[in-house]
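with the sequence up front, the predicted model follows.
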Amino acid sequence: MKAALCLIFCLTASLGHATEVQQHGLSLEHWVADTFFGGHRLSGPTDKWDIPASANTNHGRIPVNPKATQYGEPVLLGDALRQYDINEPFLLIVGFWEQDGRDKKFVQSLVARIEPEQWLKLWAPVARKDLEAMDKLVKDTSRPIDEVRREVLRRKKQPPFAEAVIQLNPKIDRSQRRLQCSISYLRLFVNLAPGRSRKAQPFAEILGRRIPPVRASWPRNRS
């Protein structure tokens, strides 16, 4: 009985910690949506964009992809094949935070309109068939996990993947087999905001509005 109670407590604590760790991203996304895009919320996990073009009436009428990550760390983009297939202009909004006690303070940001041709250049020289082959390998359950992981890592370090701006982030363990991707902090600014300072600032802005700090317990949305 005690062992069962201990297990329940540990799982609950772990879930609570995970929720708190992820809160900064969700909070920024909600703040961006509430401040600029009419409070739009995802209708489900199959939505193509976090904020569709229909909700973006004042900033180009194109889809919006808001992200939050720690200052200096790569920006996680999501499923590699899905990202590669983007064939329309979109607005990438990223807020970078530093830990400030229990809170998270945003110290840098980037807002960039990305055209389809520009997006493909970030993938070059990777072709879709290359991603398809890698995705198939990642999801190959007929081979031992360690063997698949070693082979994926070997291929990732070789052309064409090693030459692309956008990098692959395979997730391979007993609970998941996913091929995701990201772009490093340096490459993000070099390619999408060349010449702009990448240093941490006293505060960060998005579309002329200062990003508020994310409190340890984010206020409930009252809209």
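In hand now; what should we look at? Values in this document were obtained by computation on a predicted structure and should not be read as measured data. Numbers count the residues shown, from 1 in each chain.

CA atoms for contacts and neighbours, from now on please.
Will do.

mind listing the residues bridging to the residue nearest the centre of the chain?
Centroid-nearest residue in the chain: L76, 3.1 Å away (criterion: C-alpha atoms, centre = their mean). On the basis of DSSP bridges, L76 takes part in beta bridges with S182.

contacting residues for it?
67, 180-183 (C-alpha atoms under 8 Å, 6 or more residues apart in numbering).

most widely separated two among those?
K67 and Q180 (15.0 Å; C-alpha to C-alpha).

so if I had to pick from these two, which one is more boxed in?
K67 (22 against 19; other C-alpha atoms under 10 Å).

so the more buried one lies in a strand, does it not?
Yes: when classified by DSSP: H, G, I helix; E, B strand; the rest coil, K67 is found to be part of a strand.

what about the closest residue to it other than its chain neighbours, which SS state?
Nearest residue to K67, sequence neighbours excluded (C-alpha to C-alpha, 6 or more residues apart in numbering): V94, at 4.6 Å. Under three-state DSSP, V94 falls in the strand class.

helices along the protein, start to end?
Assigned by DSSP state H, the chain shows helices spanning 2-36, 80-84, 116-123, 128-138, 145-156, 185-192.

touching, I93 and K67? I think so.
Yes: judged on C-alpha atoms under 8 Å, I93 makes contact with K67 at a distance of 6.1 Å.

residues in a beta bridge with the residue nearest to K67, which ones?
K67, L110.

in the chain, which helix or strand is least confident?
Across the helices and strands of the chain, mean confidence by mean pLDDT, DSSP states H and E is lowest for helix 2-36: a mean of 58.

ok so, going back, distance of the residue nearest to the centre of the chain relative to S142?
Shown here: L76 relative to S142, a distance of 28 Å by C-alpha to C-alpha, to the nearest Å.

D79 too?
22 Å.

likewise for T46?
According to C-alpha to C-alpha, T46 and S142 sit 28 Å apart.

go on, N191?
39 Å.

more crowded one of those two?
N191 (13 against 8).

quick one, what contacts the more buried one?
Taking C-alpha under 8 Å, 6+ apart, one finds nothing in contact with N191.

mind pulling up the pLDDT for the closest residue in space to F161 that isn't next to it in sequence?
Excluding the flanking residues, the one nearest F161 by C-alpha to C-alpha, 6+ apart is V126, at 6.1 Å. We have a pLDDT of 98 for V126.
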